[in-house]
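Visitor: After the sequence you'll find the predicted model.
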Amino acid sequence: MIAEIGHFALILALCASFIQGVIPLIGAQRGRSDWIALARPTCQTSFVLVGISFAALTWCFYVNDFSVAYVAGHSNTQLPIMYRLSAVWGGHEGSLLLWVFMLVSWAFSVAQLSKTLDSAMVARVLAVLGLITFGLLLFVLFTSNPFNRLFPVPAEGRDLNPLLQDPGLIFHPPMLYMGYVGLSVAFAFAIAALIAGQLDAAWARWSRPWTTVAWAFLTFGIALGSWWAYYELGWGGWWFWDPVENASFVPWLIATALIHSLAMTEKRGSFKSWTVLLAIAGFSMSLLGTFLVRSGVLTSVHAFATDPTRGIFILLLFSIVVGTSLTLFAWRASQVKSIGHFEIVSRESFILMGNVFLVVAAGSVLLGTLYPLLIDALSLGKISVGPPYFNAVFVPLMTPVALLMAFTPLMRWKQDRLPEAVLRIKWAGVTAGLAAVIMPLLMGQWTPLVALGCFLAVWVGGSVVIQVAGRLRSGFPPISYWGMQFAHFGIAVFMIGVTMVGGFQEEKDVRMDIGDSVTVGGHQLVFKNLASVRGPNYMAARGTFEMRREGRVLRELYPEKRNYFSSSMPMTEAGIDIGLTRDIYVSLGEPLEGSAWAVRVYYKPFVDWIWGGCVLMGLGGFFAIADRRYRTAKVKRHSLVLGSKAAA
Amino acid sequence: MRAKFLIPLGIFMVLVGFLAAGLRLKPSEVPSPLVGKPAPAFTLPTLSDPNKSFSPADFRGRVWLLNVWASWCVACKEEHPVLMDLARQNKVTIVGLDYKDQRDAALTFLQRGGDPYRFSVVDESGRVGIDYGVYGVPETFLIDREGVIRYKHIGPVTPKVLEEKILPLVAALGQQ
């Protein structure tokens, strides 16, 4: 019964989103305020209906209703309660419902927080979001309905994929989707502005906070996924250039470019058509990512069970959404005139350069991800593109970005003189130069790549210090000022992590019997014993390792190899000693003869700085939207607020 | 309209063309590397009599199914009636691979639900399962006269899979 309520609510939401997508849009074109006024209530209705549907699915998981096929396929009575609830998004159908739920939540937030905006504009934005919701709900209802019943009802469910039974995976998908889907708001604003032919500073100001928040969530989501891969996959890697990782990283790169470009459009009125194009590209990449993950055109550890009709449907959706947007862009953007003249040496042109590098980087990652598919489609064989390609392409592209991002905030708008700008940043340059010589030597060995990484990190961090020091002289700045500083400093911290792990990690794959010891990164690890432990839905072999440094016992680590009852694929739980300057990482490989095991022991210097940097970046995003202008800004250009009054 | 604003649309259309082509390709067929390869060899004791043993080489010249099962596996209970049905039709020999199981529990399982297998072999340590790339129980492999794996099914065999995939293949392989 509950499942049918959920199903029915979805069908009603489909109808509501259709009205939301069509009537206000026509109303805004014809200037009918009563039609415009429909935008908010229909949007709120869609939100409530999808919310009911999502709650219904959650309930089915809570009560172990295995008559629902999706529940039977992804849950089990022995599954602990928190994983039973997070199993709601543990498979294709449920995670797609989460996607739609996020979408309507964003639309709902726009509806609630846009009281000061021009009502025709709000109507257009909500209508665009409504149309996207409509398309996705069609997709859910026709190809991926999570409420389908299963007869006969099985006595027990098939359990959630053990890889997903992990705290990191409870939060990773919602965070990621918040970011992914949040880019739809920037997209909707851009499309609305294109339809209205009003690409101006006000449009940029409205879009900015939404884009920044979506970007911050995306940052957190990607970081969580990376952290999960680090400790759960048992290989100690933090990024694999897996197609699905790339599918989330490409929108991130575009969104990063978009944030900067939007700032420019708002402040200087320049790059309008470029900004609009980025806004369209950002959400398009989210949709493309969804297509890649769910259609089965690429193989990946993340890929969902695939079904050709789903692939066709989502490709169709993708084509319609992006094709229409780009046609609209071609038609309208050519009439837009950017204002704000600037010289080659100016903050504007440097931001533009950074933007171009980010977009080229996004393009290269996308190319590397799709390359196997392109080659296959041209019947040239099956190949895979791995980390060597990405590293070879990505490092050279990010180096100028890092150089620019330290320099640009210290430059003047419109026109600057290079020698003066260099003088402003000279201390960062000197410190970075010293760091490039000393830091690698302190870690043990000087290599050019590590020196480059240290230079860039200190260069970016140093620039932040110079800016903050300069700003503090005129009093403590408001929170929003710290947004960019935190984000840029986060990049510096992140780069230290990546550089040190890349340059100085030690990885040992050894055979260890009880009593054996191995030394890694100055720490000695002794294999004390091996025990068999029982978890709620698995049996595990748990090793006890004593960690010593210079003969002194520091602590014990307990890596596990788990065998879940529902799957024969053993899962690895690494034992990690987390430290500010290094992680010691032990994971059990395979059992060998007797009580011996293949054991992986890693020393990962500064690895946690990678995620620490990401957290700083994400926090920066949230600080940035604390800007008072976003809350108090009244729209002067249009004083017609009849529509929003009527809606309220 | 200036032409440069049409460039994004053009790039996008090329991309969609490739994606559409990509949909018809099946990269997922690559990671199942065992299909078309000789079935990995093993010698394991049978369930009913530990003193007897079986290895795939004994079945050279026949088309047979290797069904991975276990008494602890819930989905196997779902699959069991389908296999019983298949055994009654006598179209193909089914050998069970009792995976990471206890002998007593396995024998009880077959007593209760019936035994669709010509015989089952016991893979207590799961070693053979690893060689066969077993991801989850149940899994079913179709092996031809030459000892080559022709088809692999993950999850319970359903009547639909049987009718549409396995039995036509059995018939085709049997005629060769």
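Guide: Received the coordinates, thanks. Numbers count the residues shown, from 1 in each chain, chains lettered A, B, ... in the order given.
Visitor: Check what pLDDT the closest residue to A:Leu38 other than its chain neighbours gets.
Guide: Of all residues beyond its chain neighbours, the one nearest A:Leu38 is A:Ile23 (5.0 Å), with distances taken as Cβ to Cβ, 6 or more residues apart in numbering or on different chains. For every residue, glycine as well, the C-beta is placed using N, CA and C. For A:Ile23, the pLDDT comes out at 96.
Visitor: wait, is A:Ile23 part of a helix?
Guide: Yes: looking at A:Ile23 with DSSP: H, G, I helix; E, B strand; the rest coil, it is inside a helix.
Visitor: Surely it touches A:Ala37?
Guide: No: counting by Cβ atoms under 8 Å, no contact exists between A:Ile23 and A:Ala37, whose distance comes to 9.6 Å.
Visitor: What about residue 164, how many residues nearby?
Guide: With no chain named, the answer covers chain A. Here the count is done by other Cβ atoms under 10 Å in any protein chain shown, and A:Leu164 has 20 residues near it.
Visitor: That was the other one, I meant chain B.
Guide: Neighbour count of B:Glu164, defined by other Cβ under 10 Å: 11.
Visitor: export whichever helix in chain B runs longest as PDB, just CAs?
Guide: Of all the segments assigned as helix in chain B under DSSP state H, the longest by residue count is helix B:7-24. Coordinates of each C-alpha in helix B:7-24 appear next as PDB, following Å, rounded to 0.1, in the frame of the first residue of the first chain:
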ATOM      1  CA  ILE B   7      30.200  25.900 -32.700                       C
ATOM      2  CA  PRO B   8      29.000  24.600 -29.300                       C
ATOM      3  CA  LEU B   9      25.900  23.100 -30.900                       C
ATOM      4  CA  GLY B  10      28.000  21.500 -33.600                       C
ATOM      5  CA  ILE B  11      30.400  19.900 -31.100                       C
ATOM      6  CA  PHE B  12      27.500  18.700 -29.100                       C
ATOM      7  CA  MET B  13      25.900  17.000 -32.100                       C
ATOM      8  CA  VAL B  14      29.100  15.100 -32.900                       C
ATOM      9  CA  LEU B  15      29.200  14.000 -29.200                       C
ATOM     10  CA  VAL B  16      25.700  12.800 -29.300                       C
ATOM     11  CA  GLY B  17      26.400  10.900 -32.500                       C
ATOM     12  CA  PHE B  18      29.200   9.000 -30.800                       C
ATOM     13  CA  LEU B  19      27.200   8.400 -27.600                       C
ATOM     14  CA  ALA B  20      24.300   7.000 -29.700                       C
ATOM     15  CA  ALA B  21      26.800   4.700 -31.500                       C
ATOM     16  CA  GLY B  22      28.300   3.800 -28.100                       C
ATOM     17  CA  LEU B  23      24.900   2.600 -26.900                       C
ATOM     18  CA  ARG B  24      24.900  -0.200 -29.400                       C
END
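Visitor: which secondary structure elements does that helix contact?
Guide: Contacting helix B:7-24 under the criterion 3 or more Cβ pairs under 8 Å, 6 or more residues apart in numbering or on different chains; DSSP states H and E are the following elements: helix A:272-295, helix A:308-332, helix A:347-377.
Visitor: what angle do it and helix A:272-295 make?
Guide: In terms of direction (axes from the mean of the first three to the mean of the last three Cα atoms, to 10 degrees), helix B:7-24 departs from helix A:272-295 by 0 degrees.
Visitor: moving C-terminal of the helix or strand bottoming out on mean pLDDT in chain B, what's the next helix or strand?
Guide: Within chain B, judged by mean pLDDT, DSSP states H and E, the helix or strand with the poorest mean is helix B:127-131; its value is a mean of 79. On the C-terminal side of helix B:127-131, the closest following helix or strand by DSSP states H and E is strand B:139-143.
Visitor: hmm, who's touching that following strand?
Guide: By Cβ atoms under 8 Å, 6 or more residues apart in numbering or on different chains, the surrounding residues in contact with strand B:139-143 are B:34, B:39, B:56, B:59, B:63-68, B:132, B:149-155, B:157, B:166, B:169-170, B:173.
Visitor: what's around residue 143, how many residues?
Guide: All of this is about chain A. For A:Thr143, the neighbour count with other Cβ under 10 Å is 19.
Visitor: Let me rephrase: I mean chain B.
Guide: Applying the criterion other Cβ under 10 Å, we find 23 residues in the vicinity of B:Ile143.
Visitor: any idea how far chain A is from the closest residue to it other than its chain neighbours?
Guide: Among residues not flanking B:Ile143 along the chain, B:Ala39 sits closest, at 5.0 Å (Cβ to Cβ, 6+ apart). Shown here: B:Ala39 relative to chain A, a distance of 18 Å by Cβ to the nearest Cβ, to the nearest Å.
Visitor: low-scoring stretches of chain A, by residue?
Guide: For chain A, the stretches flagged by pLDDT under 70 are A:296-308, A:338, A:340, A:379-386, A:567-569, A:628, A:630-648.
Visitor: can you pull out the strands in it?
Guide: When secondary structure is read from DSSP state E, chain A shows strands at A:506-512, A:517-520, A:523-534, A:538-549, A:552-557, A:560-564, A:571-573, A:575-578, A:582-591, A:597-605.
Visitor: Quick check: which of those is nearest to A:His172?
Guide: In this view, the strands of chain A are compared for proximity to A:His172 by Cβ to Cβ, and strand A:571-573 is the closest at 16.4 Å.
Visitor: Return the alpha-carbon coordinates of stretch A:401-414 using CSV.
Guide: Once non-C-alpha atoms are left out, stretch A:401-414 reads as follows in CSV (Å, rounded to 0.1, in the frame of the first residue of the first chain):
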residue,chain,number,x,y,z
VAL,A,401,46.0,27.6,-13.4
ALA,A,402,47.9,27.5,-10.1
LEU,A,403,50.3,30.2,-11.3
LEU,A,404,47.4,32.4,-12.3
MET,A,405,45.2,31.9,-9.3
ALA,A,406,47.9,33.4,-7.0
PHE,A,407,48.6,36.3,-9.3
THR,A,408,45.1,37.4,-10.4
PRO,A,409,43.5,38.4,-7.1
LEU,A,410,46.4,40.9,-6.6
MET,A,411,45.9,42.5,-9.9
ARG,A,412,43.8,45.6,-10.8
TRP,A,413,40.6,45.6,-12.8
LYS,A,414,40.7,46.9,-16.3
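Visitor: chain center to it, what's the gap?
Guide: Relative to the centre of its chain, stretch A:401-414 is centred 25 Å away, using Cα atoms, centre = their mean, to the nearest Å.
Visitor: Quick test: name the residue nearest the centre of chain A.
Guide: Centroid-nearest residue in chain A, with Cα atoms, centre = their mean: A:Leu218, separated by 2.8 Å.
Visitor: and that one, what is it in contact with?
Guide: Counting by Cβ under 8 Å, 6+ apart, A:Leu218 makes contact with A:Leu176, A:Met178, A:Gly179, A:Tyr180, A:Gly182, A:Leu183, A:Ser248, A:Pro251, A:Trp252, A:Ala255.
Visitor: burial of A:Leu141, as a residue count?
Guide: Around A:Leu141 there are 15 other residues, counting by other Cβ under 10 Å.
Visitor: Correct me if wrong: it contacts A:Ile11.
Guide: Yes: contact between A:Leu141 and A:Ile11 holds when scored by Cβ under 8 Å: they sit 6.8 Å apart.
Visitor: which residue ranges form the helices in chain B?
Guide: Taking DSSP H as the criterion, chain B contains helices spanning B:7-24, B:74-89, B:103-113, B:127-131, B:159-161, B:167-175.
Visitor: Who are the packing partners of the least confident helix or strand of chain B?
Guide: Helix B:127-131 makes packing contacts with strand B:93-99 when contacts are defined by 3+ Cβ pairs under 8 Å, 6+ apart.
Visitor: Many thanks, have a good one.
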